[in-house]
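>>> Got a predicted structure plus its sequence, pasted below:
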Amino acid sequence: MAASIRILGIAGSVRKASFNKSALREAQKLVPDGASMEIFDIEGLPNFNQDEEKNPPAKVVEMKTRIRAADAVLFVTPEYNYSIPGLLKNAIDWASRPYGDSAWSGKPVAVMGASVGVIGTARAQYHLRQVFVFLDMDAVNQPEVMINASKSFDDKGNLTDQTTRALIGKLLANLVKKAAARKA
């Protein structure tokens with residue numbers, strides 16, 4: 001790969017002991033050669049207000065700048081009430097506005113998530129994929145990485161499941177491949 005692929009990782013949870021933050025940090029270690037990942041923390045983003053979209057707060061400007069600078073995005077999300085956490089949806093909305101100035105358009109994207117439930121974050125991931133369609137984001141479809149946090153992390157929040165680690169590596173490899181093809 002001639003040029004380095006830059007991935008921006010965003011966790012949909014701001015909880016200090018979040019399994020999703022832990023999974024994102026693990027993904028950062030598993031990024032393939034020729035790529036790098038930095039993490040953007042969505043904590044502190046104000047609620048989206050259309051009255052302010054043409055004069056967004058500094059944290060929103062920073063987020064949109066970092067999204068645009070990235071070649072790809074990795075979302076790592078929990079599932080709240082069968083769907084996307086409000087905080088994550090808020091970040092997505094801010095970065096898509098004002099109309100015609102979306103930072104997401106055409107961006108290669110992958111999604112994974114961790115939950116204590118037996119199906120991981122399946123419903124939240126599928127809802128995110130619906131949002132990707134409207135935002136014209138180019139999603140990696142396989143592998144689906146739905147982490148059962150009860151069985152995959154130790155008591156310190158470290159990812160210990162090797163199968164999950166391998167799936168994350170494959171997801172990232174596919175994301176890098178998609179981003180490299182777009183860059184070429």
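Received, thanks.
>>> the helices in the protein, which residues?
Ranges of helices in the chain, per DSSP state H, are 19-29, 58-69, 86-95, 122-135, 149-152, 162-183.
>>> Pick out the shakiest of the ones you listed, pLDDT-wise.
Averaged per stretch, pLDDT over the helices of the chain is lowest on helix 149-152, reaching a mean of 91.
>>> How much space separates Gly12 from Tyr80?
9 Å (CB to CB, to the nearest Å). C-beta here means a position set from N, CA and C on the backbone, and glycine is covered the same way.
>>> okay, and the common contacts of the two?
Listed as contacting both Gly12 and Tyr80 by CB atoms under 8 Å, 6 or more residues apart in numbering are Ala124.
>>> Settle it for me: which of these two has more neighbours?
Each of Gly12 and Tyr80 has its neighbours counted (other CB atoms under 10 Å); Gly12 has more, 28 against 18.
>>> mind listing what's buried in stretch 77-86?
Neighbour counts over stretch 77-86 (16 or more other CB atoms under 10 Å) mark 77-80, 83-85 as buried.
>>> Looking at the protein, which residue reaches furthest from the middle?
Most distant residue from the mean C-alpha position of the chain: Asp51, 26.6 Å away (CA atoms, centre = their mean).
>>> Kindly state the pLDDT recorded for that residue?
96.
>>> Check Ile119 too.
Model confidence at Ile119, given as pLDDT, is 84.
>>> What distance do you get for the nearest residue to Lys64 once chain neighbours are set aside to Ala181?
Distances taken as CB to CB, 6 or more residues apart in numbering place Ala103 nearest to Lys64, at 4.3 Å, with adjacent residues excluded. Distance of Ala103 to Ala181, given as CB to CB: 20 Å.
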